[in-house]
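Student: fold the following and give me the result.
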Amino acid sequence: MLLYGDLTYKIRGAIFEVYNYWGPGLFEQVYEESLVHQLRKAGLKVEQQVPLPVIYDGVRLPCDYRLDLLVEDKVIIELKSVEELHPVHYKQLMTYLKIAHKKVGLLVNFNVDDMAKGIHRLVM
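Tutor: This next block holds a predicted model:
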C-alpha cells in the first residue's frame, strides 16, 4: 500500500488540472497560486510558503527554509519551472522532508512536455 496514496492521487489530479490549463513555460509563482486554488477547490488543506526553522546543535539559526506547499500537514510539494531537474532538486526535497519530519514529498516540474514525467514522488 502506497503511503498517503489517496492523498497524492488527489494532488496529482490538481497538478494535471493546472498543467492542462496553463501548459509549460510560466514562472513558478503562477503554478503555485493556481495549484493552491485547485487543491483548496478539491477540499484539501493547503499551507503556502511554510517557514521551516533550521536548528543546528540545538540552536535555531537566524534563517529559515520555506516549503512551497504543505498539503494536509502530510505531503510537501516542491515546485519548479525549469528546463530540467537536477540531483540537487531531489536532495533539496529530501532535506525538507528530514527537517520537517514528513515522510512524503512531490517534486513537480511544470516546464515539461508531458506532465506525467514532471511529477516525482519521494519517500523518506
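Student: what pLDDT does residue 2 get?
Tutor: Model confidence at residue 2, given as pLDDT, is 85.
Student: how about residue 97, phi and psi?
Tutor: The phi/psi pair for residue 97 (degrees, to the nearest 10) reads phi -60, psi -40.
Student: tell me who's in contact with it.
Tutor: By Cβ atoms under 8 Å, 6 or more residues apart in numbering, the contact set of residue 97 is 76, 103-105, 122, 124. Glycine gets a C-beta too; all of them are placed from N, C-alpha and C.
Student: got the buried residues for the helix or strand hosting residue 37?
Tutor: In this structure, residue 37 is located in helix 28-41 according to DSSP states H and E. By neighbour count on 16 or more other Cβ atoms under 10 Å, the buried set for helix 28-41 is 28, 31-32, 34-36, 38-39.
Student: wait, isn't residue 115 in contact with residue 14?
Tutor: No - using Cβ atoms under 8 Å, residue 115 is not in contact with residue 14, being 11.5 Å away.
Student: max-length helix in the protein?
Tutor: Longest helix of the chain, by residue count under DSSP state H: helix 5-22.
Student: just the buried residues of the contacts of residue 97.
Tutor: Buried subset of the contacts of residue 97 (neighbour count, 16+ other Cβ under 10 Å): 76, 104-105, 122.
Student: just the CA coordinates for the helix or strand hosting residue 94, please, in CSV.
Tutor: Under the criterion of DSSP H and E, residue 94 resides in helix 87-100. The C-alpha trace of helix 87-100 is given here as CSV (Å, rounded to 0.1, in the frame of the first residue of the first chain):
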residue,chain,number,x,y,z
PRO,A,87,20.1,15.9,-8.5
VAL,A,88,20.2,18.9,-6.2
HIS,A,89,16.4,19.4,-6.6
TYR,A,90,15.8,15.9,-5.3
LYS,A,91,18.3,16.4,-2.5
GLN,A,92,16.6,19.7,-1.5
LEU,A,93,13.2,18.0,-1.1
MET,A,94,14.7,15.1,0.8
THR,A,95,16.3,17.6,3.2
TYR,A,96,13.0,19.4,3.6
LEU,A,97,11.3,16.0,4.5
LYS,A,98,14.0,15.3,7.0
ILE,A,99,13.9,18.7,8.7
ALA,A,100,10.1,18.9,8.7
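Student: cool, thanks, talk later.
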